[in-house]
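>>> here is a sequence with its predicted model. Questions after.
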Amino acid sequence: QGLAIGDEVGNGILLERPGDGLDAPPPLYVFGSGPGAYQRIPIFQPRMDPILQALIGVRPFTISSASQFRADGPPCLDSAEWAEDYNEVKSLGASNSLTRTAAQTQLAISYTENAMNYYTRIFRNVSAAQGLSLEDNARLFAMLSLAQADSFIAIFDSKYHFNFWRPYTAIHAGDTDGSSLTDPDTSWTPLAVTPPHPEYPAAHGVQSGTVAEILRTFFGTKRITIAFTPVVPGYTAGEITHHSTDDMIEEVIKGRIFGGMHYRTSGRHGAIIGRKV
C-alpha cells in the first residue's frame, strides 16, 4: 500500500511538471570584466562554465516566480560595508590565514558539503528528536523539500542577475574597486574551493534561512536542537550542534566566510530570501 501511494504521488507530480523548464538548455553565459563583475577563478575553474544557470528559468512550486524575492543587491564598492566584507574574508578566509582559529577552520571545511545533502540529514534528526508522527513527518518533509527547491530557484535568479565577483577576484584586484580601504593581494587564495557561479547572494545562506523559517513555523519556536555530522571527502568532521535556528544561520554564514568563498552581506541577504520563500 505504501508503494502504491508513492507511485500515485510521484506520477501526480510528474503530470504537473512537464515543460517546467528544468530540461531547457541554459542561456549562453558571457563572463564580465572589471570591478564587481563575476569572473572565472583560474585556480579552480580554468575550463568550467558557470553552473546551475538553467534554474532561473524553472517554474517554482510554491512562489509566483524566480524573481519574486530577488535580493536588494550587493554593497556599493565605495561603501564602508563593502570594505568591511572585503577585509573580513581577506583575513579569515585565506588559505594561509593567521587570524582564523582551528575551530573556525573546522567550521569552514564542514560547510563545504552540499547544503541539500546535510539538510536532508538534519530533517531526519530533528524529526526523530521530536518524535513526530507519520502524518506530521509527511507534512514537515513536504514543506522543507518544496521550500528548498523554490529557494534554490530564487537564489540563482539573484546570483545571475547581479553577477557579483568572488573574493578571489576582488582581492586580486582590490586596487580597482575605487575604495582606499581594500588593499589588493595578488597571491591570495581561499581556504576552500570556490563554487563555479556568481557570489551574491550566498546559496548556503538562502538554504539556511529557508530551513530555519520552516522549522520555526512548524514547531512554533526557534529553540530547536539541530545536529548533524558533515560528510566531506578526505576530512573527518565532528558533529555540529545548534540550539536555535538563528544560531544555525549565523554559523553557516561564518563558515562560508572562513572558507574564503563569500562575504558576510551575501550570507545575510541570502538568509532573507530563504525566510521570504
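Received it, and whenever you're ready, just let me know what you need. Residues are numbered from 1 along each chain as shown.
>>> can you give me the helices for the stretch 101-250 of the chain?
Taking DSSP state H, counting those that start in this stretch, the helices of the stretch 101-250 of the chain run over residues 102-110, 115-130, 134-162, 167-172, 203-219, 245-258.
>>> packing partners of the fourth one?
Translated: helix 167-172. Judged by 3 or more C-beta pairs under 8 Å, 6 or more residues apart in numbering; DSSP states H and E, the packing partners of helix 167-172 are helix 80-92. Yep, even glycine has a C-beta here, placed from its N, CA and C like the rest.
>>> got the contact list for the helix it packs on?
Under the contact criterion C-beta atoms under 8 Å, 6 or more residues apart in numbering, helix 80-92 has outside partners 74-76, 97, 99-100, 104, 167, 170-171, 174, 177, 179, 181-182, 185, 188, 257-258, 260, 262-266.
>>> so the closest residue to P46 other than its chain neighbours: helix, strand or coil?
Closest residue to P46 apart from its sequence neighbours, by C-beta to C-beta, 6 or more residues apart in numbering: R40 at 7.4 Å. Assigned by DSSP: H, G, I helix; E, B strand; the rest coil, the conformation of R40 is coil.
>>> and R124, what pLDDT?
Note on R124: pLDDT of 89.
>>> next, count neighbours for it.
13 (other C-beta atoms under 10 Å).
>>> where does it sit relative to A227, distance-wise?
Distance of R124 to A227, computed by C-beta to C-beta, to the nearest Å: 11 Å.
>>> repeat for T99
28 Å.
>>> same thing with D185?
Per C-beta to C-beta, D185 is found 37 Å from A227.
>>> E113 too?
Between E113 and A227 the computed distance is 15 Å (C-beta to C-beta).
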